[in-house]
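S.K.: let's see this in three dimensions:
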Amino acid sequence: MENLIKKNSFLKDVSLVGFSKFFIILFGLGTSIIIARILGPEKNGLIASLYVYPAIFISIGSLGIRQSATYFLGKDIYSEFDIRIAISQIWIISTILSVVISLILIISFVDYKNNFYLVILSVLPIPFSLFNTYSSGIFLGKNEIKKFNKINWIPSLVTFLLSFILILVFNFDVEGFLIATVGGALITFILLLFKNKFIKSFSLIIKWNIIINLLKLGLIYAFALFVINLNYRIDIILLSNLSNSFETGIYSKGAGVAQYLWQIPMLLSTIVFARSSVSQNNKKFSLKVIQLLRVSLIIVSFVSIIMIIFSNQFILILFGKDFFNSISVLNYLIPGVVLLTIFKVMNTDLAGRGKPWISLKAMIPALIVNVLLNLLFIPKYGADGAALSSTISYSVAAILFLHFYSKTVQIKIKEILKFKYSDFDPILGLFKKHI
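M.R.: Just a heads-up that it's a prediction; the model follows:
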């Protein structure tokens, strides 16, 4: 397995994932522009409120199966065939639970304008998204980054095309975007059903030991992902209850632009996780991850400065003057998003080693800070208050995780953050290769 990793260079995988991330950003931003300019702040706020609970329960319902499947397959503990069977059986149960719980929460806490059709559409992507998440663990466990990226950007493309057709051409309003989102997840589901031979993996033969072990490790991943995602989305939940749809819509667009900065560390996270799960030399691998972190911080910081300088132009050109108040949301959020890059990169290293619980030591205190500050700031400052709360929370998470990561890998914080000219050698090598 080590020979395979050496052949298939880290740099090559980064470039492959980079193309995928580029298309995800491109089509995602295109979709965001369509719904912002056609539907306006209030309806964007309604969409954000409808999707917040399904998004959280997709992370819970995933049960950490992608991560645990990657770990067990990468370490060659179970066969691919047995893991596929176990995943298909877990998926059926988790889908039912996630859909039912999401429906109850939306009906109880979201003002869905007495249109139950919107509620149904908002939970329909859950089964397909869960399946897509589960099955991607097979690609990552086998370190098949190329195959993973062939289908990774398809949901964004399909959602963009359907949004364009349904909203711009047929004037389907909010329903058009919800249907488009279902379509994006459904197409990927169909492709993966045949790509990973999952169509042959549905069986009545239950191998309890594999299911239990997948869940034992997976549930730790799931809880960690739940806390992480809740910290990202608690502001939307509290805004929709403490404020109004307009403020929620304003916040969702500013936050959406700021969080595109995370695509830079996320470019690395898939590769880091897959390779960490099969690495035989943890210390050596962590040093590579730390090098990537330093490069990511420089790139993210540079891009964030550009975004702050031109924040007026970014928001007004993309979304129009109705979203003018999203400018301040973007500017308040960017510092926290930059700092959380530390967590985004390094957490995948520890998660790939089967140690997802370490993230909780940083994220639980950060979540508590986020909730308390949101309760204090949202009634007074609306969307800006939510943005400021998130930035403080993200900063707390980044600082705490840096400390715990340093202790776990036994590398001093000073060494982690000390920039070196050699950090850029892989990037320079890539340019030399293609010039």
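S.K.: quick check: Leu417 touching Leu339?
M.R.: No. Assessed by CB atoms under 8 Å, Leu417 is found out of contact with Leu339, at 11.9 Å. Glycine gets a C-beta too; all of them are placed from N, C-alpha and C.
S.K.: neighbour count: those two, which is higher?
M.R.: More crowded of Leu417 and Leu339, by other CB atoms under 10 Å: Leu339, with 20 against 14.
S.K.: OK, contacts around the more buried one?
M.R.: Tyr394, Ser395, Ala398, Ile399 (CB atoms under 8 Å, 6 or more residues apart in numbering).
S.K.: make a ChimeraX selection of the buried ones in the residues you listed.
M.R.: Buried members of the contacts of Leu339, defined by 16 or more other CB atoms under 10 Å, are picked up in ChimeraX with:
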select :394,395,398
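S.K.: including pLDDT and secondary structure, could the contacts of Leu339 go into TSV?
M.R.: Formatted as TSV, the contacts of Leu339 follow (pLDDT from 0 to 100; DSSP: H, G, I helix; E, B strand; the rest coil):
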residue	pLDDT	secondary structure
Tyr394	95	helix
Ser395	96	helix
Ala398	95	helix
Ile399	95	helix
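S.K.: closest to Asn114 out of the contacts of Leu339?
M.R.: Asn114 lies nearest to Tyr394 out of those, by CB to CB, at 36.0 Å.
S.K.: tell me how far that closest one lies from Leu39.
M.R.: As for Tyr394, its distance to Leu39 is 28 Å (criterion: CB to CB, to the nearest Å).
S.K.: touching, Ile35 and Leu162? I think so.
M.R.: No. Contact criterion CB under 8 Å: Ile35 and Leu162 do not qualify, at 11.8 Å.
S.K.: from the chain's centroid, how far away is the helix ranked longest in the chain?
M.R.: Longest helix in the chain by number of residues (criterion: DSSP state H): helix 10-61. Chain-centre distance of helix 10-61: 9 Å, with CA atoms, centre = their mean, to the nearest Å.
S.K.: packing partners for the first helix or strand past it going along the chain?
M.R.: With elements assigned by DSSP states H and E, the helix or strand that comes after helix 10-61 is helix 65-74. Applying 3 or more CB pairs under 8 Å, 6 or more residues apart in numbering; DSSP states H and E, one finds that helix 65-74 makes contact with helix 80-109, helix 125-141, helix 208-242, helix 263-278, helix 341-352.
S.K.: any chance of those helices in JSON lines, with distance to Leu287 and mean pLDDT too?
M.R.: Listed next are these as JSON lines, based on distance: least, CB to CB, whole Å; pLDDT from 0 to 100:
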{"stretch": "helix 80-109", "distance to Leu287": "30", "mean pLDDT": "87"}
{"stretch": "helix 125-141", "distance to Leu287": "22", "mean pLDDT": "80"}
{"stretch": "helix 208-242", "distance to Leu287": "24", "mean pLDDT": "85"}
{"stretch": "helix 263-278", "distance to Leu287": "12", "mean pLDDT": "57"}
{"stretch": "helix 341-352", "distance to Leu287": "10", "mean pLDDT": "81"}
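S.K.: between the ones you listed, which one is nearest to Tyr71?
M.R.: helix 263-278 (5.1 Å).
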